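J.: Please work out how this folds:
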Amino acid sequence: GSDVTVDIGCPLTVADYLSKSTKTSAKQLTNDLGTAMRNLDAGKI
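T.: From the prediction side, this is the model:
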């Protein structure tokens, strides 16, 4: 068999990104998601 490890970080609240324009919100959400994934990869959960 194989072992699998799945790390799940803190959720992002999409509602936090709805108050700005769609383009601005999408960019900010993308940036925040990238940061969260890098932190998860670095063990900073």
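
J.: three-state assignment of the residue most central in space within the chain?
T.: Geometric centre of the chain, nearest residue: residue 33, 2.8 Å, by CA atoms, centre = their mean. At residue 33 the chain is in helix, as set by DSSP: H, G, I helix; E, B strand; the rest coil.

J.: Does it touch residue 12 like I think?
T.: Yes - at 6.4 Å, residue 33 and residue 12 qualify as touching, with contact defined as CB atoms under 8 Å. In this view, the C-beta of every residue, glycine as well, is placed from N, C-alpha and C.

J.: so who does the residue nearest to the centre of the chain touch?
T.: residue 12 (CB atoms under 8 Å, 6 or more residues apart in numbering).

J.: Compute the distance between it and residue 40, please.
T.: 10 Å (CB to CB, to the nearest Å).

J.: go on, residue 34?
T.: The value you get for residue 34 to residue 40, if CB to CB is used, is 11 Å.

J.: Please apply the same query to residue 16.
T.: Distance from residue 16 to residue 40, by CB to CB: 19 Å.

J.: of residue 34 and residue 40, who's got more company?
T.: The residue with more neighbours, out of residue 34 and residue 40, is residue 40; 14 against 10, by other CB atoms under 10 Å.

J.: per-residue confidence at the more buried one?
T.: The per-residue pLDDT reported for residue 40 equals 88.

J.: Check which helix or strand it maps to.
T.: Residue 40 belongs to helix 22-41 when assigned by DSSP states H and E.

J.: Off-centre distance for that helix?
T.: On the basis of CA atoms, centre = their mean, to the nearest Å, helix 22-41 sits 6 Å off its chain's mean C-alpha point.

J.: Please save the CA atoms from that helix in CSV.
T.: Taking C-alpha atoms only, helix 22-41 is exported to CSV below (Å, rounded to 0.1, in the frame of the first residue of the first chain):
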residue,chain,number,x,y,z
THR,A,22,-14.8,41.8,-9.7
LYS,A,23,-11.3,42.2,-11.2
THR,A,24,-9.8,43.6,-8.0
SER,A,25,-11.5,40.9,-5.9
ALA,A,26,-10.3,38.1,-8.1
LYS,A,27,-6.7,39.4,-8.0
GLN,A,28,-6.8,39.7,-4.2
LEU,A,29,-8.3,36.3,-3.8
THR,A,30,-5.7,34.7,-6.2
ASN,A,31,-2.9,36.4,-4.3
ASP,A,32,-4.3,35.3,-0.9
LEU,A,33,-4.8,31.8,-2.1
GLY,A,34,-1.2,31.7,-3.4
THR,A,35,0.1,32.9,0.0
ALA,A,36,-2.0,30.4,1.9
MET,A,37,-0.7,27.6,-0.3
ARG,A,38,2.9,28.7,0.1
ASN,A,39,2.4,28.9,3.9
LEU,A,40,0.9,25.4,3.9
ASP,A,41,3.8,24.0,1.9
